[in-house]
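*Asks:* mind looking at a prediction? Sequence and model below.
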Amino acid sequence: MKNEKPPKSASAEKQETKRQVAYNRRARFEYEIMETYEAGLELAGTEVKSIREGRLNLQDAFCRIEHNEAFVHNMHINPYEQGNIFNVEPRRKRRLLLHRWQILELQAKSEQKGLTIVPLSIYFLRGFAKMEIALAKGKKLYDKRDSIAERDQQREQQRQFVRGGER
């Protein structure tokens, strides 16, 4: 019984949970996800408050590696209403906080043909804003049609299951 961990308090368990704020549905439709990474975000104080309110958009966002640093471009964070002079540009590029080896790995893999880095979601973990990014490959039109057909089939199976339970 030496390796037994003490029970976590309610506040410690609450801090361990992820609170998802934004999700990029379009990324999973447009791209085939190869690998995912968790990255911190370098944000201004008013941006954090605006994200906590869920006032951001990931739809057109993309990631790039420039001078051995990772950045997310075109992510729109609405200005915080009470932020006045402390608000910053809504679509400015923001630095992603990753380990050096992760940046080098992403850079090497993204230089391969057809691979890109896309943001998938933003969430809070232990009070810090985190972004889930993915190394992804663009889908062709027929792949997208397959995704739609698969989604419709799952929806129909779910309907059949619900109808079967009512009888």
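*Replies:* Looks like it arrived, so ask away.
*Asks:* CA only for contacts and neighbour counts going forward, please
*Replies:* OK.
*Asks:* pretty sure Gly164 belongs to a strand, no?
*Replies:* No. Read with DSSP: H, G, I helix; E, B strand; the rest coil, Gly164 is helix and lies in no strand.
*Asks:* report the mean confidence score over stretch 112-120.
*Replies:* The average of the pLDDT scores along stretch 112-120 is 88.
*Asks:* how about that stretch: buried residues?
*Replies:* Residues 115-120 are the ones in stretch 112-120 that count as buried (16 or more other Cα atoms under 10 Å).
*Asks:* output those as a markdown table; include the columns distance to Arg25.
*Replies:* Below are the buried residues of stretch 112-120 laid out as a markdown table (distance: Cα to Cα, whole Å):
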| residue | distance to Arg25 |
| --- | --- |
| Leu115 | 18 |
| Thr116 | 16 |
| Ile117 | 15 |
| Val118 | 11 |
| Pro119 | 10 |
| Leu120 | 8 |
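*Asks:* any chance of these in a markdown table, with secondary structure and distance to Arg91 too?
*Replies:* Listed next are the buried residues of stretch 112-120 as a markdown table, based on DSSP: H, G, I helix; E, B strand; the rest coil; distance: Cα to Cα, whole Å:
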| residue | secondary structure | distance to Arg91 |
| --- | --- | --- |
| Leu115 | strand | 24 |
| Thr116 | strand | 20 |
| Ile117 | strand | 18 |
| Val118 | strand | 16 |
| Pro119 | strand | 15 |
| Leu120 | strand | 17 |
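*Asks:* going by distance to Glu69, which of these wins?
*Replies:* Among these, Ile117 lies closest to Glu69 (Cα to Cα), at 13.2 Å.
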